[in-house]
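A.B. asks: Fold the following for me, if possible:
(one chain, ligands or ions: 1)
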Amino acid sequence: MAAAALNGLPETKYGSSTTHVISPTTNGRPNGNATTTEANSERVQIINDEKQFTTELTPQIQRWGLQNAGFDYNIVAVFGSQSTGKSTLLNRLFGTNFDVMDETKRQQTTKGIWMCRAKGMNVMVMDVEGTDGRERGEDQDFERKSALFSLASSEVLIINLWEHQVGLYQGANMGLLKTVFEVNLGLFGKKSADGRNQRTLLLFVIRDHIGTTPLANLQTTLTQDMQKIWDSLSKPPELKDRQLSDYFDLSFSALPHKILAADKFETETKELRQRFADKSRDDYVFKPAYHKRIPADGVAFYMEGIWEQVQTNKDLDLPTQQELLAQFRCDEISAVALNEFNEQAKSQKRPIELGKVVEGLGSMMRNWRTGALTRYDTAASRYHQGVYKRKRTDLIAVLDSTLSPYFLGQLKNLHKSWLATFKKEMLEGMRGDSYDFAEVVAHARERCEKRFLEGAKEALVEDTDWSYEEEFSLLKEEIKSVADQCRKDETKKMVNVIERNVKRQIAEPLELALNKPSPEMWNKVLKAFRETLDKAESSYLTKAKSFNCTEEENDKALAIVRKRAWLALRSKIDEQTADIAFLGKLRTFFEERFRYDEQGVPRVWKPDDDIDGAFKKAKDETLELIPLYSKISPTDKSLEFTLPSDSGDSLATADSDELDFPSTLIIFSETKAIDLANRFRKDADAYYVEAKRSTVSSVAQIPLWMYGVLVVLGWNEAMAVLFNPLYFAMLLVMGATAWIIVTLGLVGPVFQVAKTVANEIQRQLYNILRDQFSQPALAEPVRTRPLRDTQENDHIKEEMRIKREPF
Ligand SMILES: Nc1nc2c(ncn2[C@@H]2O[C@H](COP(=O)(O)OP(=O)(O)OP(=O)(O)O)[C@@H](O)[C@H]2O)c(=O)[nH]1
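C.D. replies: Purely as a prediction, here's the structure:
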């Protein structure tokens, strides 16, 4: 009958053997278009003749619609001798369609182990090949293994036996049960992960119960038999005291003869079915305690694992099996969750790499992470809790390590972006003149740090050890260095402004002092300089307060202010003592003494005046000025100003040059002084010549009596003009012309023209005269000067030497 049933059935290649899935509506033929109802009643051979486990169970469970049942399903298996009506019973109880032996052939029907979904119940029913080894001789390998498998994987094991088998040790497969119990004591002995014993219901169904022996008696016999078997087991030492009741519940049911008491059989079967279907009954068989706690979608893998262990004769270890299963399933579920998570995360990878601050990244990351964990938890939490939790931790680690670069990238981008804003705000804040630097910096810094912290906190994901502190302190450092740089620039700017002010303020008093040479000249200069510098320093310190400059920075800046101010003074002095300007000063000084008398009235030299004496005195006095100007040397020593020679600073590159302060006190070198003296002498000599010449010109003046002579001599000519009509007419014309000029108010312009012409003529004449008179006068000084110069130069040198004595 079994052979007939298998003929022409769909086969699934399974190594060298086949696995069968059978749809009842196609009479054992595959039906791809089966309806849901049909699919529900499909059966599958989970272990075939070759003892191989099917690959079809998972898809079949799916087709049965149990994939997502979670724990809301049950497994029942049957154990018993061949041809004891096991398949018939299962079909009656669960509406399944397991093959039933053809009465006429009387041969083994069920081979291997089959599974079918119960009709109208979330129950997976296993029809197991009958025991007794009738077809396999003495080889009880398969029946032992299938029994072990049924016991380990089902919640309720129906032990099917004829009434007459009760009490017969061999006939009722008690020997086999003993072996199975013994081999699996390790399995049952170990507590499961949640600390409870794995319990199984052994439901004895006594077939062909005639009724002469009451069920209670049969029950007692069977219970005693089971107890005997239990007692005779060779238990591991640690499980020695364990009782049968610690692991098994026993339940009993009797069914009348199927043929002789067909009606009663049907009624009783229906009644028995209720024990599987009606959860409200006290004798409902699928108690939660029996459930293996394997989610429905993991049943196939779980069973395959058990079968593998049974096959390789390893000790069955349900918790290990559960763990293995959990590992497999949790990995699968985790991978699915992770895939989806990676897809979501990918979308924001590029923007972050490109340096963009992604708005709401934190909430996105939290959503992705929570989503992945929820997906994992929903499917994996039904599995072995230890494994589930371990794998969850692993998953969290992977999720966090994937998200961590996003977080770090976001921090870096926040850092970059807000630092740039900080710089911008600093520059904007420093526009115009009326800003408080410290306030601008504090404001910009506060805003920048606040925004960074907001962004960083938003990007944080709970339950991670992520921190933004490091990036935050980096940002703070950079903000500080930017602010410091700005402060340096500002200080530099301020020092430049102060320098310009010093230059402007020092210019006038300096000019005044230097244009009035006197021994107190440098006192005045330095006093003015000191006052200006004091003002500059206090103006710096007032402004520097808002810069939050340190004492050291202030000292440096002040040193620079002093140095720049000094150099400004020096450059102004240089301007005033440049060759031309200085010679001008000497000339003026000389002129004032030589060409003007004590009352400041210009001198008109007379032949008996002591021109030489006056000239020498004025020249000597003037030459004495050269040593005075040659060094900044106040007579009042309290006004002396000094600078440390190393006051250079990096604030301005120009200041980085070493300053040799003593050398800045020297205005002229000795050589320069001599050169200036010589040049001045030339000018002075010209004045001398001019004075001499003016004496000559006064000598050459026409005496007054000459004019009388001229009138006398010219009387006749005047009369001739008056009395000659032609000359007289000309005189009239000239008079008329004069009258017109006066009338038209052209006297001024005509006078001006005449004056210009006269001046030009006078100049020409003057040049001619000078050429005539100067030749012999210049020749003499050229010959005599070296001797005189040497003496005077020595005098200047000596003066300068005294001047240059250090303060
Ligand atoms: N006397 C009697 N015969 C039954 C009963 N139930 C079924 N049968 C008959 O017993 C024969 C074997 O029935 P199956 O249901 O195929 O028995 P099985 O235990 O599944 O057989 P294998 O799968 O080959 O081990 C069939 O001819 C049934 O009609 C019953 O309650 N009493």
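
A.B. asks: Grab the most central residue of the protein for me.
C.D. replies: Lys412 (0.7 Å; Cα atoms, centre = their mean).

A.B. asks: and that one, what element?
C.D. replies: helix 385-429 (DSSP states H and E).

A.B. asks: Distance from the chain centre to that helix, please.
C.D. replies: Remark: helix 385-429 is offset 9 Å from the chain centroid, using Cα atoms, centre = their mean, to the nearest Å.

A.B. asks: what does the stretch 701-807 of the chain have sitting close to the ligand?
C.D. replies: Residues of the stretch 701-807 of the chain lying close to the ligand (Cβ under 6 Å from any ligand atom): none. Yep, even glycine has a C-beta here, placed from its N, CA and C like the rest.

A.B. asks: Tell me where the stretch 701-807 of the chain is predicted with low confidence.
C.D. replies: Flagging of the stretch 701-807 of the chain using pLDDT under 70 yields the residue ranges 701-702, 774-807.

A.B. asks: The stretch 501-650 of the chain now?
C.D. replies: 645-650.

A.B. asks: count of residues packed around the residue nearest to Met426 when sequence neighbours are not counted?
C.D. replies: The shortest distance from Met426 to any non-neighbouring residue, by Cβ to Cβ, 6 or more residues apart in numbering, is to Ala444 (5.1 Å). Neighbour count of Ala444, defined by other Cβ atoms under 10 Å: 25.

A.B. asks: Would you agree Ala444 is in contact with Leu419?
C.D. replies: No: counting by Cβ atoms under 8 Å, Ala444 stays clear of Leu419, with 10.4 Å between them.

A.B. asks: one step back: now do the contacts for the residue nearest to Met426.
C.D. replies: 422, 425-426, 429 (Cβ atoms under 8 Å, 6 or more residues apart in numbering).

A.B. asks: Out of those residues, who's the most crowded?
C.D. replies: Among these, the one with the most neighbours (other Cβ under 10 Å) is Phe422, at 23 neighbours.

A.B. asks: surely that one meets Val482?
C.D. replies: Yes: Phe422 is in contact with Val482 according to Cβ under 8 Å; the separation is 6.6 Å.

A.B. asks: Over to the residue in the stretch 451-600 of the chain positioned nearest to the ligand. Which of the three states is it?
C.D. replies: Minimum separation of the stretch 451-600 of the chain from the ligand (Cβ to the nearest ligand atom) falls at Asp463, amounting to 55.7 Å. The three-state assignment at Asp463 reads coil, by DSSP: H, G, I helix; E, B strand; the rest coil.

A.B. asks: What degree of burial does it show, as a neighbour count?
C.D. replies: Asp463, neighbours per other Cβ under 10 Å, totals 10.

A.B. asks: And for Thr54?
C.D. replies: As a burial measure, Thr54 scores 27 neighbours (other Cβ under 10 Å).

A.B. asks: per-residue pLDDT, it?
C.D. replies: Predicted confidence (pLDDT) at Thr54: the value is 93.

A.B. asks: phi, psi of it?
C.D. replies: The phi/psi pair for Thr54 (degrees, to the nearest 10) reads phi -70, psi 150.

A.B. asks: before we move on, the earlier item: what separation do you get for the residue of the stretch 451-600 of the chain closest to the ligand and Asn342?
C.D. replies: 20 Å (Cβ to Cβ, to the nearest Å).

A.B. asks: Those residues of the stretch 251-400 of the chain touching the ligand, which are they?
C.D. replies: Selection of the stretch 251-400 of the chain residues close to the ligand by Cβ under 6 Å from any ligand atom yields 257-259.

A.B. asks: buried subset of these?
C.D. replies: Buried residues within those, counting neighbours by 16 or more other Cβ atoms under 10 Å: Lys258.

A.B. asks: what are the bridge partners for the nearest residue to Glu308 once chain neighbours are set aside, then?
C.D. replies: Spatial nearest neighbour of Glu308, excluding adjacent residues (Cβ to Cβ, 6+ apart): Phe53 at 7.3 Å. For Phe53, the beta-bridge partners are Ile47 (DSSP bridges).

A.B. asks: contacting residues around Phe53?
C.D. replies: Phe53 touches 46-47, 303-304, 307-308, counting by Cβ under 8 Å, 6+ apart.

A.B. asks: Any quick PyMOL command for the buried ones out of the residues you listed?
C.D. replies: Remark: buried members of those, expressed as a PyMOL selection using 16+ other Cβ under 10 Å:
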select buried, resi 46+47+303+304+307
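
A.B. asks: Okay, and the closest residue to Phe641 other than its chain neighbours sits in which element?
C.D. replies: Distances taken as Cβ to Cβ, 6+ apart put Leu526 closest to Phe641, at 5.7 Å, once the chain neighbours are dropped. Using DSSP H and E, Leu526 maps to helix 521-544.

A.B. asks: Okay, buried residues for that helix please.
C.D. replies: Buried-residue list, helix 521-544, by 16+ other Cβ under 10 Å: 521-529, 532-533, 536-537, 539-540, 543-544.

A.B. asks: now for it, which elements pack on it?
C.D. replies: helix 469-515, helix 551-576 (3 or more Cβ pairs under 8 Å, 6 or more residues apart in numbering; DSSP states H and E).

A.B. asks: switch the cut-off to 10 Å
C.D. replies: The helices and strands touching helix 521-544, judged by 3 or more Cβ pairs under 10 Å, 6 or more residues apart in numbering; DSSP states H and E, are helix 469-515, helix 551-576, helix 611-630.
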